[in-house]
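> sequence first, predicted coordinates after that:
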Amino acid sequence: MTLVDFISDLNEVSESQSLADVVAVAADRLSAEEISHESVVDELRRMTEDERQGMLCRSVDTTTHLKLSLDQNAHRALRLWLHVYKGWPPSEGRFAASIHDHRYAFVSKILRGGYVEQRWTIESDRVSPLRSAKRGVNSLNIVRAADVHSLVSVEPRTVSLVLQLPAERSFSRVYHPDRGAAFTSIPDLEAQYADFLAKDDR
């Protein structure tokens, strides 16, 4: 199964099933042995120069990891990313190390390396640790939009394949446990663009 087949197949599934069902199907498909670090690298090596440049234009460089966009159609309901982690702990900016949620649910599979993930619970006046888990090669991780988590440690050269489901809201949140349950709301690009167009600085 190529990554193109994988994302195309799941996009068809997403058109007729609930998000919960898509998560279950995605987890089942991602667990396949043929989806490995070696198979993903082989596909990347077979890209044409135009495909490679397109991928890099759609990709994101964060302070903790590269998000390489593996889906050639950025307008699909589902998106496929390769997360290539940098040295840990992050030298600047906390990003994946921060306590945060997401606009969307996602399913990931670690292809190389591993990390320790901490889940958190948000109460009226504080952010408290819930549970932590060490995740290694071939382990699957399901994170829903309402889940709050952070990466505590990441092994060198860790790589994960991430299937992103449709956004459920236009922002994510980063929590600040030193200030009770306070958080910073991070609007997505579409919301920020709309805000930019709405400004009248004349």
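That came through, no problem. Residues are numbered from 1 along each chain as shown.

> what's the neighbour count on residue 128?
10 (other Cβ atoms under 10 Å). Heads up, the C-betas are built off the backbone N, CA and C, glycines and all.

> what about it, which helix or strand?
strand 127-136 (DSSP states H and E).

> what pairs with that strand, parallel or antiparallel?
Sheet pairing of strand 127-136 (DSSP bridges) gives strand 114-122 (antiparallel).

> name the residues of the strand it pairs with that are buried.
114-115, 117-118, 120, 122 (16 or more other Cβ atoms under 10 Å).

> centre-most residue in this structure?
The residue lying closest to the centre of the chain (Cα atoms, centre = their mean) is residue 162, at 5.5 Å.

> what's the distance between that one and residue 171?
Computed with Cβ to Cβ, to the nearest Å, the distance linking residue 162 and residue 171 is 19 Å.

> would you list the buried residues of strand 114-122 in TSV and tack on distance to residue 7 and pLDDT?
Formatted as TSV, those follow (distance: Cβ to Cβ, whole Å; pLDDT from 0 to 100):
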residue	distance to residue 7	pLDDT
114	24	98
115	24	98
117	24	98
118	29	98
120	30	98
122	32	96
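
> nearest to residue 12, of those?
Residue 12 has its nearest neighbour among the buried residues of strand 114-122 in residue 117, at 30.2 Å by Cβ to Cβ.

> in terms of secondary structure, what does the least confident helix or strand in the chain by mean pLDDT contact?
None of the helices or strands of the chain scores lower by mean pLDDT, DSSP states H and E than helix 3-14, at a mean of 84. On a contact count with 3 or more Cβ pairs under 8 Å, 6 or more residues apart in numbering; DSSP states H and E, helix 3-14 meets helix 19-30, strand 79-85, strand 159-167.

> lowest-confidence stretch among these?
When the helices and strands packed on helix 3-14 are compared on average pLDDT, helix 19-30 comes out lowest at a mean of 90.

> if you count neighbours, what's buried in whatever helix or strand comes next after that helix?
Next helix or strand after helix 19-30 toward the C-terminus (DSSP H and E): helix 37-45. Judged by neighbour count (16+ other Cβ under 10 Å), helix 37-45 contains these buried residues: 37, 39-40.

> got the angle for the very next helix or strand once past helix 37-45 vs helix 37-45?
Sequence-wise, the next helix or strand downstream of helix 37-45 (DSSP H and E) is helix 49-58. Angle, helix 49-58 to helix 37-45, by axes from the mean of the first three to the mean of the last three Cα atoms, to 10 degrees: 110 degrees.
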